[in-house]
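**Student:** fold the following and give me the result.
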Amino acid sequence: MSTISIALADVSIRLDNKRVLYNWIKDVIASEKKLCGDIGIILCSDEYLLDINKKFLNHEYYTDIITFDYTEGRVISGELYISLERVKENAAKYKDNTKTELSRVMVHGILHLCGYKDKGELNQKEMRRKENEKLRMLG
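**Tutor:** Next up, the predicted model:
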């Protein structure tokens, strides 16, 4: 039995469409010929994510997402920690709405769990192409 959950760490946001998001994430995983395992999405502040970045990755910078991959074989599992502050800032920077940017960051993490990388120009282009493809599935 697979479980997808969205939790709030130290932030407040109202997500009206959780069931739609859960189904979309499952569809994204299935479209990559993978199986959905347990996925936790934790929405948090910059400081919360910075602390995780320092503690687990020895990085001292802000980021929009950190993905912990627990995938085994074709069963996609993991935790996605997402900074809502970075999401809001990126939405303004790229002239998009916060909801779309949050969906982009979520699917970015899911694509990492599916095996996609974003280091280097070619991988970044492929990741962006896949993000756009999967965002279209959301409608």
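**Student:** assign a three-state SS to the residue lying closest to Leu84 once chain neighbours are set aside, would you?
**Tutor:** Nearest residue to Leu84, sequence neighbours excluded (C-beta to C-beta, 6 or more residues apart in numbering): Val11, at 5.0 Å. Just so you know, the C-beta spots here come from the backbone N, C-alpha and C atoms, and that holds for glycine as well. Classification of Val11 by DSSP: H, G, I helix; E, B strand; the rest coil places it in coil.
**Student:** my guess is Val11 contacts Leu43, does it?
**Tutor:** Yes - between Val11 and Leu43 there is a contact at 5.6 Å, judged by C-beta atoms under 8 Å.
**Student:** out of these two, which sits in the busier spot?
**Tutor:** Higher neighbour count among Val11 and Leu43: Leu43, with 24 against 15, using other C-beta atoms under 10 Å.
**Student:** and the gap between the residue nearest to Leu84 and Glu89?
**Tutor:** Distance from Val11 to Glu89, counting by C-beta to C-beta, to the nearest Å: 14 Å.
**Student:** and for Val11 and Leu43, which residues touch both?
**Tutor:** Taking C-beta atoms under 8 Å, 6 or more residues apart in numbering as the contact criterion, the residues that touch both Val11 and Leu43 are Leu84.
**Student:** pull out the buried residues from the longest helix anywhere in the chain.
**Tutor:** Longest helix of the chain, by residue count under DSSP state H: helix 121-138. Across helix 121-138, burial judged by 16 or more other C-beta atoms under 10 Å covers 127, 130-131, 134-135, 138.
**Student:** equivalent analysis for stretch 12-24, please.
**Tutor:** Neighbour count says stretch 12-24 has 21-22, 24 buried, by 16+ other C-beta under 10 Å.
**Student:** pLDDT (mean, whole number) over it?
**Tutor:** The pLDDT scores in stretch 12-24 average 90.
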